[in-house]
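Q: test case, fold it:
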Amino acid sequence: MAQGRLYYVRCQGRLLGPVSLAQLERMERRGQVSGSDTVSDDRVHWCLIKEFEALHPGAPGEADTTPEGDAGPVGGGGAATQVTPTAPQPPRRTPPRRRFQQQVRPVLPAPVVRDDTTRVQPPSGQRPGMVTDGESGGSSSGARWNPLATFGLVGGVLVLGVGLLAVGVVVVVSRPDGGTPANGGSPRWSQEESADGEVTLGLPADALDGIQQEQAGQNWCWAACVQMVLRSHGFDRTQAEIVRRTFGDVRDAGASPTQFLATLDNWQLSKNGRPYSIHCRPFARSPHLLDIIQELKKNQPVILGYAHPQGGHAVVITAVKYRRDSRNQPVLTEVVVRDPSPSFAKNRGKRILTPNEFNNTIAWIQIVAAP
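A: Numbers count the residues shown, from 1 in each chain. Take a look at the predicted model:
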């Protein structure tokens, strides 16, 4: 296996890859893979990571077979020169590699872009000139696609942020006394169907522009997404407050589903002097299209995390496009998200989720209202 090749890793029943050697080294240092996992460059011949020569020089079974005192060619040409060392050669060391960093500018505290007390209260239903986040208001682009209808849960520790293995979240806020939800600032969904039969269903773009937030820390994509969803329900909480509630202090770190539950479940909030509470529960599967449609029709944006070899990222689903098949079942063609990364600040975070990103979602958490 050579330095420039791409590799595949079998880890806890999962097949990861393709990844470069540098990415594989980072995954091993972070504990995402262990020495007992296997690696291959052709998915036919496998070896243990702890015996992989490219990662562990001198590993069992792949030790250097050059006889002592017989050096290889030097300078790339001519005959080999015999060298008799006068002292034992020091062991080879793999130079430390720079830790993976997302292209995110750390800024504290998280900026509140504007006062949305009026912008996030559009009337329910469709109105003339109303643009949903799924419509082409000059800020979205991308090819249409047809992802699989269902996905299996892949085991492992799920962490949002650098090192994420993915999680999705739906937030619903209600009065604990059975009153109406905290919709004083909740955007209202709408739906349109084009002449060619494509349906666009989502939340209004103007309201989402008002709640959009950039992540304030390198690993705070999850906190920024929680902040956006809470703001959609009229609760303005900073990312630092969300992180402090999760960890007990302010640190630049990702969060697992367990930590999400501890952060959001039974969180008592107040608005205009009235108490509200939020609750959550996990699902050991990825959300189907019908799940997303149902949540958007409840005016509830969906937090979605997706995995990739270098780590992961969290975004907020705000709209979908789909068509009906011959059995009148919806078939997904496009997913629109608000991304907290500053890389998408020009479009206020709005972008099209790629098929690969959506297909790499492996779990989600529904946060529902108390009865």
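
Q: next, the buried residues of the longest strand along the chain.
A: Secondary structure assigned by DSSP state E gives strand 311-324 as the longest strand of the chain. The neighbour-count check on strand 311-324 (16 or more other CB atoms under 10 Å) flags 311-323 as buried. Yep, even glycine has a C-beta here, placed from its N, CA and C like the rest.

Q: same thing with stretch 22-38?
A: Going by neighbour count (16+ other CB under 10 Å), the buried part of stretch 22-38 is 23-28, 32-33, 37-38.

Q: nearest to Tyr306 among those?
A: Using CB to CB, Gln32 is the member of these that lies nearest Tyr306, at 15.2 Å.

Q: was I right to think that closest one contacts Cys11?
A: Yes - Gln32 lies in contact with Cys11 (CB atoms under 8 Å); the separation is 7.4 Å.

Q: next one: phi and psi at Tyr7?
A: phi -130, psi 160 (degrees, to the nearest 10).

Q: number of residues surrounding Arg274?
A: Using other CB atoms under 10 Å, Arg274 has 14 neighbouring residues.

Q: which helix or strand in this structure has the lowest average pLDDT?
A: One helix or strand of the chain scores below all others by mean pLDDT, DSSP states H and E: strand 173-174, with a mean of 49.

Q: would you tell me what the next helix or strand after that one is?
A: As assigned by DSSP states H and E, the chain's next helix or strand after strand 173-174 is strand 190-193.

Q: now do the helix or strand following that following strand, average pLDDT.
A: Using DSSP H and E, the helix or strand that follows strand 190-193 in sequence is strand 199-202. For strand 199-202, the mean pLDDT works out to 94.

Q: now do strand 199-202: everything it contacts.
A: 132-135, 189-194, 293, 296-297, 318-324, 330, 336 (CB atoms under 8 Å, 6 or more residues apart in numbering).

Q: 6 Å - rerun?
A: Here strand 199-202 makes contact (CB atoms under 6 Å, 6 or more residues apart in numbering) with 132-135, 191-193, 296, 318-322.

Q: identify the farthest-apart pair in these.
A: Glu193 and Thr318 (18.5 Å).

Q: could you report the separation of Gly273 from Leu230?
A: 18 Å (CB to CB, to the nearest Å).

Q: the domain parsing of the chain - what is it?
A: According to the TED database, the chain comprises the domains 6-55, 190-370.

Q: just the angle between the longest helix along the chain and strand 311-324, please?
A: Of all the elements of type helix in the chain, the one with the most residues (DSSP state H) is helix 221-232. Relative orientation of helix 221-232 versus strand 311-324 (axes from the mean of the first three to the mean of the last three CA atoms, to 10 degrees): 50 degrees.

Q: which stretches of the stretch 201-350 of the chain aren't confidently modelled?
A: Low-confidence segments of the stretch 201-350 of the chain (pLDDT under 70): 257, 281-286.

Q: which stretches of it form helices?
A: Counting by DSSP state H, counting those that start in this stretch, the stretch 201-350 of the chain has helices at residues 205-211, 221-232, 239-247, 257-264, 289-297.

Q: can I get these in JSON lines with mean neighbour count?
A: Shown next, in JSON lines, are the helices of the stretch 201-350 of the chain (neighbours: other CB atoms under 10 Å):
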{"stretch": "helix 205-211", "mean neighbour count": "24"}
{"stretch": "helix 221-232", "mean neighbour count": "28"}
{"stretch": "helix 239-247", "mean neighbour count": "20"}
{"stretch": "helix 257-264", "mean neighbour count": "19"}
{"stretch": "helix 289-297", "mean neighbour count": "18"}
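
Q: a markdown table for the ones you listed, including distance to Asn347?
A: Below are the helices of the stretch 201-350 of the chain laid out as a markdown table (distance: least, CB to CB, whole Å):
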| stretch | distance to Asn347 |
| --- | --- |
| helix 205-211 | 10 |
| helix 221-232 | 15 |
| helix 239-247 | 21 |
| helix 257-264 | 27 |
| helix 289-297 | 20 |
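
Q: His279: which of those helices is closest?
A: Among these, helix 257-264 sits nearest to His279 (CB to CB), with 7.8 Å.

Q: and that closest one, what other elements does it pack with?
A: helix 239-247, strand 274-283, strand 364-368 (3 or more CB pairs under 6 Å, 6 or more residues apart in numbering; DSSP states H and E).

Q: host element of Leu24?
A: Per DSSP H and E: Leu24 is located in helix 21-29.

Q: do me a favour and average the pLDDT over that helix.
A: In this model, helix 21-29 carries a mean pLDDT of 83.

Q: what angle separates that helix from strand 311-324?
A: Using the same axes, to 10 degrees: helix 21-29 against strand 311-324 is 110 degrees.

Q: can you name the next helix or strand after helix 21-29?
A: Tracing the chain past helix 21-29, the next element assigned as helix or strand by DSSP H and E is strand 38-40.

Q: can you pull out the residues in contact with that next one?
A: Residues outside strand 38-40 that contact it (CB under 6 Å, 6+ apart): 7-10, 46, 48-49, 52.

Q: of those, which belong to strands?
A: Among the contacts of strand 38-40, the members falling in strands are 7-10, 48 (criterion: DSSP E).

Q: check contacts around Val33.
A: Per CB under 6 Å, 6+ apart, neighbours of Val33: 9, 11, 27.

Q: kindly report the same for Val226.
A: Neighbouring residues of Val226 by CB under 6 Å, 6+ apart: Ile242.

Q: relative to Arg26, how far out is it?
A: Using CB to CB, Val226 is found at 27 Å from Arg26.

Q: Ser40 - how many residues pack around it?
A: The burial count for Ser40: 17, using other CB under 10 Å.

Q: that one pairs with what?
A: Per DSSP bridges, the residues bridged to Ser40 are Tyr8.

Q: do you know how far it is from Lys50?
A: 15 Å.
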